[in-house]
Structures are given as C-alpha cells and as structure tokens.
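[1] I would like to see how this sequence folds:
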Amino acid sequence: MSAKHHVLKSLCPLWSIACLISPAISFQKAVEAAGGRIGSDPVAESGPYLRSSWAAKEKTVLSRNPDWKGDAPAWDTIEILPIDDENTAEIAFEAGELDFTRVSLGSVDRYRGGVPNGGTLVENPSLYYVWLGMNLDHPKLQNQKLRQAIQHAIDVPTVLEASYFGAAAPSTGIIAPGLAGNRAQGLVPAEANIEKAMALLAESGETNVTLTLDILNKTTYTTMAQVIQAMLAQIGITLEVNVLESGAFWASGDNENLQLVLNRFSMAPDPSYATAWFIKEQAGIWNWERFRNAEFDELHQAASQETDITKRDAMYQRAQDLMEESGAYRFLTHEATPVIHSSRVNPALRPDGLALLRYFGKA
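    Residues are numbered from 1 along each chain as shown. Below is the predicted model:
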C-alpha cells in the first residue's frame, strides 16, 4: 500500500509525533462504509492483535490476528483493564491479577526493595507534566496579584515529598527535560516565598478569599491538595477541595465555574505537543485556565515551523514565561514512569516507560 501526504508548510514535529508516536491510517472505503464517522468500534484493523471485545471502563481484550504475516505475537490474548488509581492496580498486581502495571511514585522506594511474586521494577523518565491551574475567566480569579500570591505560596518540593515520596523532581514548565524549550529554571522558584506571597495578596486588595480546587480522585492528588490547602492557609486563603471521579473531572473544560484545578497531561517528544493545548482556540476545551495570549499563539505556530533548534528552544522557553507571568500556572513536576511486571512477562517499553503491547514477550 502507498499513500501521499501533502504538507503545505514546514512542520518540525512531523516525524516525532505523526509517524513515531501515534501512526494511524484511516481507510477511505471503511470510513465511508461507517457513514463517514469513526466511533468506538474500529472501522478497520491491522497488526499482530485485533480487538476482540471492549466494555467501557471495564476491559478491552486483544486477540491474535490470524491474517498477520509478520512476526508471530507472543500471546494468544492480552486483557487491558482501565484502573485509574495506581494504588488499586498495585493491590491487583500483588494479588496475581495483573502482569504489568504503572505504579505510583510513592511506591517506588518500597518496590526498590523487592517486587512481590518475583516481579521487577522498571524506572523511566516521563513526558507527563503536572501543574496547578487557575481559571482566568472566573470572577474570583480576575486579580493577577492574587494569582501570583498563590504561585509563591506553594512550596513545590514539599508538595512532591508528601505525594511522591521524593521520587519526582520539580518542573520548570510544561516541556520535559531533554527537549527543546525546557527551561533551566522558572520565573517563580520551586520553593515558596511566604513573605512575598503575603505582600502580593495585600497588593491585590483581596480579603476573606475562599477558593475551590478540583482534583481527580487519586491518592496522589488528594495528598497534593491537602498540602496545598495548608500552604494557602498560611497566607489567609481558604481552599476547599472538590474530589471528582474520572468522567466528571475530564469534562472540566465545559465547567465555567471551575476555579483551581490540579491537572496532568502527557506529551509526545516534541515541545509543540505541549504548547498546543494552551492556545486561544483551546480555551474551554483542553485549555481549562482559559489562558489567551496572542504572543503565545504566535510563538506556538512559528516554533512548530522553525528548523533552527536554538531558535525553537528560545521560542518555547518564552512561551512558558508567558504562561507563568499570567499567574494562572504553578508548575509542579514531570513525575517519572515506574512500572512493575511479573516474572512471566518480558515487556516492551518506549523510552518514557509507556507500554508497546504488540512487542510484549514471554520471559
């Protein structure tokens, strides 16, 4: 099979995103036969495994593709269980119900001492980024000085020690180390400056401030929220924590009443994949802070076409400066990607620790 792709403008991340991370081909006849739309059922499949069944939020089962002409896959079936909370997955793994799972960073130190049932711990760097965001459209968060006070009141190392037990380092933005655009340091130091935070709050003129922080119902985030809650109390801000299940949390883009949110996105190994979600057109979709900045949008577009790596680096660093200057972001961490696997599995992983199931072998 051959295909033609017409690229009208230079696009630096073409190979690192479109072809290496999530290659997908939509077959015209199959799509047309499905009415022109692709839903939850695949219109065409290929590869060593085919999806034999799917139950939303319960289980996906992959089975050998009898027509596959490449190297034979190692397993007859692979069952994928969607488990949002890593601690729950760890319990299932230790009970022998799972062969492979991501684990919480808080459990890394324990697993370094030995994985139950002869299992193995594998630690990889991460392309995830975690931050506290503030909705710029909300009436309570219109004051930039207030937002900056919140930035300086949060001591990132303390938050990470409590929630990740020292297994994650502070981040300086949304772009991971090793990529163009990663900043050596942010405009707001990772360490809190309570004196400065209180001065900014006084300058804001805001008093009796009460805010709500929305978080996903996971142990890591509830711990982070409790620590942040105590830190903001030090400068006189009352923080109420709203714990949401997955469905409600990931619909937050539509929530005009959103105030503060603890969020976590992933990215491909190109900085454009991180900045893409914070342009004006994404406001209220994936840009939950409703951050709108013309210079940021211009930098995102220009940097995606810039072939000079030094210039790209400077553009993406400036873009993150603009995010931080808005006061809408407190960057926290890129985490890491620790996984454990049973003694009967030989896993295949990307450099950032994500599973390549088609290449999983038998130990």
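
[2] report the contact partners of the residue most central in space within the chain.
    For the chain, Phe265 is the residue whose C-alpha lies nearest the centre (C-alpha atoms, centre = their mean; 2.0 Å). Contacts for Phe265 (C-beta atoms under 8 Å, 6 or more residues apart in numbering) come out as 128-129, 174, 274, 277, 286. Backbone N, C-alpha and C define where each C-beta goes, glycine included.

[3] what's the distance between Lys362 and Asn346?
    Distance, Lys362 to Asn346, using C-beta to C-beta, to the nearest Å: 6 Å.

[4] who has more neighbours, these two?
    Higher neighbour count among Lys362 and Asn346: Asn346, with 13 against 8, using other C-beta atoms under 10 Å.

[5] so where does the residue lying closest to Pro82 once chain neighbours are set aside fall, helix or strand?
    With C-beta to C-beta, 6 or more residues apart in numbering as the criterion, Pro82 has its nearest non-adjacent residue at 5.8 Å, and that residue is Lys57. Element membership for Lys57 (DSSP states H and E) is empty, with no helix or strand holding it.

[6] pull the CA atoms of stretch 218-225 into PDB?
    Once non-C-alpha atoms are left out, stretch 218-225 reads as follows in PDB (Å, rounded to 0.1, in the frame of the first residue of the first chain):
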ATOM      1  CA  LYS A 218      -6.500   9.600  43.100                       C
ATOM      2  CA  THR A 219      -4.400   9.200  46.300                       C
ATOM      3  CA  THR A 220      -1.600  11.300  44.900                       C
ATOM      4  CA  TYR A 221      -3.800  14.200  44.100                       C
ATOM      5  CA  THR A 222      -5.700  14.200  47.300                       C
ATOM      6  CA  THR A 223      -2.400  14.300  49.200                       C
ATOM      7  CA  MET A 224      -1.100  17.200  47.000                       C
ATOM      8  CA  ALA A 225      -4.400  19.000  47.500                       C
END
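
[7] what is the rounded mean pLDDT of it?
    For stretch 218-225, mean pLDDT rounds to 94.

[8] and the contacts of that stretch?
    Residues outside stretch 218-225 that contact it (C-beta under 8 Å, 6+ apart): 84-87, 104-106, 159, 162-164, 213, 215, 239, 241, 243, 262, 332.

[9] so which of the contacts of Phe265 are in strands?
    Mapping the contacts of Phe265 onto strands (DSSP state E) picks out Tyr129.

[10] before we move on, back to that, going through the contacts of stretch 218-225, which ones are buried?
    Among the contacts of stretch 218-225, those scoring as buried are 85-86, 104-106, 159, 162-164, 213, 215, 239, 241, 262, 332 (criterion: 16 or more other C-beta atoms under 10 Å).

[11] from those, which land in helices?
    Judged by DSSP state H, the subset of the buried ones among the contacts of stretch 218-225 located in helices is 86, 159, 162-164.

[12] farthest-apart pair in the residues you listed, please.
    Greatest spacing in these, by C-beta to C-beta: Glu86 and Val159 (17.6 Å).

[13] what ranges do the strands span in this structure?
    In order along the chain, the chain carries the following strands (DSSP E): 49-55, 59-64, 77-80, 100-102, 120-122, 129-134, 210-216, 238-244, 260-265, 329-333, 339-341, 345-346, 361-362.

[14] sketch out the helices for the stretch 1-150 of the chain, chain order is fine.
    With DSSP state H, counting those that start in this stretch, the ranges of helices along the stretch 1-150 of the chain come out as 28-33, 86-94, 108-112, 144-153.

[15] dump these to CSV, plus mean pLDDT and distance to Tyr49.
    Supplementary listing: the helices of the stretch 1-150 of the chain in CSV, determined by pLDDT from 0 to 100; distance: least, C-beta to C-beta, whole Å:
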stretch, mean pLDDT, distance to Tyr49
helix 28-33, 72, 18
helix 86-94, 95, 21
helix 108-112, 94, 28
helix 144-153, 98, 46
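
[16] for those helices, which one sits closest to Gly327?
    Using C-beta to C-beta, the nearest of the helices of the stretch 1-150 of the chain to Gly327 is helix 144-153, at 3.1 Å.

[17] what about the closest one, distance to the chain center?
    Helix 144-153 has its C-alpha centroid displaced from the chain centroid by 23 Å (C-alpha atoms, centre = their mean, to the nearest Å).

[18] cool, stretch 329-348 as well?
    When distances are taken as C-alpha atoms, centre = their mean, stretch 329-348 is centred 12 Å away from the chain's centroid.

[19] what does stretch 85-97 give?
    That offset, for stretch 85-97, works out to 22 Å (C-alpha atoms, centre = their mean).

[20] what does stretch 172-188 give?
    For stretch 172-188, the distance to the chain centre is 15 Å (C-alpha atoms, centre = their mean).

[21] gap between the two ends of that stretch?
    Criterion C-alpha to C-alpha, to the nearest Å; first-to-last residue distance in stretch 172-188 is 9 Å.

[22] likewise for stretch 245-265?
    17 Å.

[23] return the set of buried residues in it.
    249, 252, 255, 258-264.

[24] of the residues you listed, closest to Trp68?
    Closest to Trp68, out of all of these and judged by C-beta to C-beta, is Arg264, at 35.0 Å.

[25] list the beta-bridge partners for the residue lying closest to that closest one once chain neighbours are set aside.
    Distances taken as C-beta to C-beta, 6+ apart place Val130 nearest to Arg264, at 4.6 Å, with adjacent residues excluded. With DSSP bridges as the criterion, Val130 is bridged to Arg264, Thr333.

[26] touching, Val130 and Ala336? I think so.
    No: here Val130 does not reach Ala336: they are 11.4 Å apart, not a contact under C-beta atoms under 8 Å.
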